[in-house]
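Peer 1: Got a sequence here, can you build the structure:
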Amino acid sequence: MIGESWMKWAVAEGGTKAASIILQKYLGVSSGTFLGALVATLIIGVIQALGALFGVVVLMRQRVRAGAAEILGGGLFGFIAAAMTILGVYSFSFPGADVGVRTFLVTLSIIPGAIIDRMFFSHPIVVRQWLGIGFFLLSGYAILNFPPLAMLLHLPPWIWITLVIALFAAVNEAITQSMRQTDPFSYNVWVGLATIIFAAAGLFFFAPALTWQQLTQGMIIGSSLVGALVLLMISFKLLAYKAGGSITLKKLIMQSTYLILSVVLGVLIYQEALTAGKVIGIMGFIFAFTLTDQATWLSVSRKIFRLGT
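Peer 2: Sure thing, here's the model as predicted:
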């Protein structure tokens with residue numbers, strides 16, 4: 001399995017996600033305001049829509065699909081994704097916002113995701129998965145560096161914002177699951193357009209006096225790079241599946257790469273602390289994910305059984 005081409009694409013997807021969150025922190029720190037987060041999200045949406053349009057028209061030589069599924073699904077996904085991006089950039093404007101901690105907390109979206117799966121897709125949650133959810137919560141407690149329980153109600157604002165992002169991520173995962181038959185490039189055109197509309201509306205209502213002079217070169221370049229990374233994430237995801245990757249271990253490899261790289265890059269670039277809690281949290285995440293994700297559990301347990309025999 002190690003060295004298979006699908007695994008390389010899964011690692012590349014995790015790497016682009018890690019690079020994206022590093023840039024989001026730069027945008028949040030450099031802008032320092034909710035207004036800056038709105039502007040950054042607008043630019044990201046423009047790059048995503050134009051890049052996806054290029055993929056459909058130039059690379060695939062097709063027309064953008066404009067069915068109800070693409071427009072409604074992509075639009076809803078885009079509005080939620082725009083809110084996630086705005087909140088994500090804005091969360092880094094708060095002092096002490098940590099890339100590694102924020103990355104892990106977003107991965108906790110698997111908890112509301114499991115509940116959504118149970119409620120809307122009739123996927124049962126077995127005892128093993130409830131244990132996995134428990135390990136997710138313990139891992140989250142570890143990555144916060146084991147704060148006293150009384151302090152959990154007084155966590156900094158950026159952590160609460162991140163937990164809202166995790167909830168939004170679970171909703172968007174459910175939308176993606178129901179839209180998995182749609183063309184990804186056309187889908188991303190509508191996602192990008194919805195992101196542009198959402199961010200532009202926010203600027204119209206909250207910052208009507210915005211002038212282009214308020215934008216720094218770093219904000220424009222950083223936001224454009226995040227938009228390009230969004231397209232790369234989608235491409236690497238597709239290439240991993242085309243190379244024979246299964247949904248099972250592909251998600252585990254990608255998420256683990258994303259989390260580990262985010263922590264390492266946060267330490268190297270922003271001098272964030274590498275605590276014992278972060279190391280324990282990462283190991284706990286991998287174990288919890290294996291318990292919770294049914295397909296990953298089956299794949300890993302079969303391989304362990306074969307090695308044992």
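
Peer 1: can you pull out the helices in the stretch 201-309 of the chain?
Peer 2: For the stretch 201-309 of the chain, the helices defined by DSSP state H, counting those that start in this stretch occupy 217-242, 247-270, 276-292, 294-308.

Peer 1: what would those look like in CSV with mean neighbour count, distance to residue 190 and mean pLDDT?
Peer 2: In short, each C-beta sits where N, CA and C put it, glycine included. What follows is these, written out as CSV (neighbours: other Cβ atoms under 10 Å; distance: least, Cβ to Cβ, whole Å; pLDDT from 0 to 100):
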stretch, mean neighbour count, distance to residue 190, mean pLDDT
helix 217-242, 19, 13, 79
helix 247-270, 20, 24, 81
helix 276-292, 20, 30, 85
helix 294-308, 12, 29, 69
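
Peer 1: Of all those helices, which one is nearest residue 29?
Peer 2: helix 247-270 (8.6 Å; Cβ to Cβ).

Peer 1: Pull that closest one out as PDB, backbone CA atoms only.
Peer 2: Taking C-alpha atoms only, helix 247-270 is exported to PDB below (Å, rounded to 0.1, in the frame of the first residue of the first chain):
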ATOM      1  CA  ILE A 247     -12.700   6.300   0.500                       C
ATOM      2  CA  THR A 248     -11.500   4.200   3.400                       C
ATOM      3  CA  LEU A 249      -7.800   4.800   4.000                       C
ATOM      4  CA  LYS A 250      -7.700   7.800   1.700                       C
ATOM      5  CA  LYS A 251      -9.600  10.000   4.200                       C
ATOM      6  CA  LEU A 252      -7.400   8.800   7.000                       C
ATOM      7  CA  ILE A 253      -4.200   9.500   5.100                       C
ATOM      8  CA  MET A 254      -5.400  12.900   4.000                       C
ATOM      9  CA  GLN A 255      -6.800  14.100   7.400                       C
ATOM     10  CA  SER A 256      -3.700  12.800   9.200                       C
ATOM     11  CA  THR A 257      -1.400  14.600   6.800                       C
ATOM     12  CA  TYR A 258      -3.400  17.800   7.100                       C
ATOM     13  CA  LEU A 259      -3.300  17.700  10.900                       C
ATOM     14  CA  ILE A 260       0.300  16.800  11.300                       C
ATOM     15  CA  LEU A 261       1.500  19.300   8.600                       C
ATOM     16  CA  SER A 262      -0.600  22.100  10.100                       C
ATOM     17  CA  VAL A 263       0.900  21.600  13.500                       C
ATOM     18  CA  VAL A 264       4.500  21.400  12.100                       C
ATOM     19  CA  LEU A 265       4.100  24.400   9.800                       C
ATOM     20  CA  GLY A 266       2.500  26.400  12.700                       C
ATOM     21  CA  VAL A 267       5.500  25.700  14.800                       C
ATOM     22  CA  LEU A 268       8.000  26.500  12.100                       C
ATOM     23  CA  ILE A 269       6.400  29.600  10.500                       C
ATOM     24  CA  TYR A 270       4.500  31.200  13.400                       C
END
